[in-house]
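Undergrad: Quick one: sequence plus predicted model below, questions after.
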Amino acid sequence: MAKILLVEDDPFLSSLLKNRLQKEGFEIALAKDGEQAISNLRSDKYDIVLLDIILPKKSGFEVLEEIRQDPILEKMGVIIISNLGQPEDMAKGRQFGVIEYFVKAKTSIDDLVSKIKDIMISETSQP
């Protein structure tokens, strides 16, 4: 079973996503801010990170920067789920090598879960 770290400070959205992903068979851990995300990543192993950008304590971009600078975490697959949908934000995410960048207002939960499942299948089938 794939283990996902969900980094989201909105309690409603994180609960909704967590419950939906668990129904699909994923194991979910939650982090409510950027510092907690880094702490979780250093203390446990995850298959993928679902990362919001606007977070307390450390932004998602700061978290991404730390992930990419850490030799142990640098290959971690990251999917951004954010309300920041400006082209420059999306370009910045791509510069950090994110797998996918979803804009919350333009993405349904069903689409998101479906994409995550597709990504997890392709990640686990690679040698």
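TA: Structure's in. What do you need?
Undergrad: show me where pLDDT drops low in the protein?
TA: Filtered on pLDDT under 70, the chain yields the residue ranges 123-127.
Undergrad: in it, which spans are strands?
TA: 3-7, 27-31, 48-51, 77-82, 100-103 (DSSP state E).
Undergrad: Check which helices and strands the longest helix along the chain is in contact with.
TA: For the chain, the helix with the greatest residue count under DSSP state H is helix 109-125. Packing contacts for helix 109-125, counted by 3 or more CB pairs under 8 Å, 6 or more residues apart in numbering; DSSP states H and E, involve helix 11-23, strand 48-51, strand 77-82, strand 100-103. To be clear about C-beta, it is placed using only N, CA and C from the backbone, and glycine gets the same treatment.
Undergrad: Report the inter-axis angle for the longest one versus strand 3-7.
TA: Helix 11-23 and strand 3-7 meet at an angle of 170 degrees, taking axes from the mean of the first three to the mean of the last three CA atoms, to 10 degrees as the criterion.
Undergrad: Numbering from 11 from now on, please.
TA: That works, and once the first residue is 11, the last one we named lands at helix 21-33.
Undergrad: between helix 21-33 and helix 119-135, how many degrees?
TA: Between helix 21-33 and helix 119-135, the angle comes out at 50 degrees (the same axes, to 10 degrees).
Undergrad: May I have the beta-bridge partners of the residue positioned nearest the centre of the chain?
TA: With distances taken as CA atoms, centre = their mean, L60 lies nearest the centre of the chain, 1.3 Å away. Note on L60: beta-bridge partners by DSSP bridges are L16, I89.
Undergrad: Now do the contacts for S69.
TA: G44, I63 (CB atoms under 8 Å, 6 or more residues apart in numbering).
Undergrad: do you know how far it is from S118?
TA: 25 Å (CB to CB, to the nearest Å).
Undergrad: Okay, buried residues for stretch 29-44 please.
TA: Buried residues in stretch 29-44, counted by 16 or more other CB atoms under 10 Å: R30, L31, F36, I38, A39, L40, A41, K42, D43, G44.
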